[in-house]
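Participant: give the three-dimensional model of this entry:
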Amino acid sequence: MAIERSGIDVTPLKESKVPVIFVIGGPGSGKGTQCERIVEKYGFTHLSTGDLLRDEVKSKSKRGEQLNAVMERGELVPLDVVLDLLKEEMLNKLPTTKGFLIDGYPREVEQGVQFEKQIKECNLLLYFEVSDDTMVARLLKRGETSGRVDDNEETIRKRLDTFHKHSKPVVEHYKHKVKIISAERDPSEIFADVEKYLNAI
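Facilitator: Modelled structure (predicted):
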């Protein structure tokens, strides 16, 4: 069953001068903290496709129910539907935002290609790079208090393998726009690098 699509006019987005920043980093890379700081300092809008999907399901809309059925079957949500959700949220926020941070996106090259084709080009890709051992240590520490079932070493290493497999081609595809930031430092030092790149846009 096809999921309901919304025929959205994205002309205002395409014509806007508002920057779009893709943000990637493995689980435990600290990109969430950096996104919060960017929002605070630059007035950007932080968008996570996972949050948008969850909100749509919670809304009990027809599309939300269709999405829920897809996810319950363990299938991937079609990219076009994810892009529809992004378009709608970006258009809603366009009048008041100074930029968009698309968190954890693109997970694979095709997602980036379609986003840029259907919405607008990204200005920058921020990649928060952390060694696997550091990410494992951070996530195991989080697991002590989070109670998340996926915070055990075996599952974490599998998640990291998946992340690397998909992110390498993304970084290669965006080699002229990617800024690789070493994220094994104090968050303030990391943010100093982020500021340097964002101020240059």
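
Participant: which secondary element of this structure has the worst mean pLDDT?
Facilitator: helix 132-146 (a mean of 88; mean pLDDT, DSSP states H and E).

Participant: give me the buried positions along that one.
Facilitator: By neighbour count, with 16 or more other C-beta atoms under 10 Å as the criterion, the buried positions of helix 132-146 are 135-136, 138-139, 143. For the C-beta atoms, the positions are set from N, CA and C on the backbone; glycine is no exception.

Participant: which residues touch it?
Facilitator: Surrounding helix 132-146, the residues in contact under the criterion C-beta atoms under 8 Å, 6 or more residues apart in numbering are 26-30, 130, 148, 151-153, 156-157, 160, 184.

Participant: how long is stretch 97-105 end to end?
Facilitator: Taking C-alpha to C-alpha, to the nearest Å as the measure, stretch 97-105 stretches 19 Å from start to finish.

Participant: now do stretch 63-81
Facilitator: For stretch 63-81, the first-to-last residue distance is 9 Å (C-alpha to C-alpha).

Participant: what does stretch 113-125 give?
Facilitator: Start to finish, the residues bounding stretch 113-125 are 13 Å apart (C-alpha to C-alpha).

Participant: let's number from 23 now, not from 1
Facilitator: Okay, using 23 as the starting number, the last item reads as stretch 135-147.

Participant: what comes into contact with it?
Facilitator: Residues outside stretch 135-147 that contact it (C-beta under 8 Å, 6+ apart): 32, 35-36, 38, 41-46, 101-102, 105, 108-109, 112, 124, 127-128, 134, 192-193, 195-196, 199-201, 219-220, 223.

Participant: kindly report the same for stretch 110-127.
Facilitator: Stretch 110-127 has contacts (C-beta under 8 Å, 6+ apart) with 28, 30, 32, 34-35, 38, 40-46, 53-54, 57, 60-61, 64-72, 74, 108, 133-134, 137, 141, 144.
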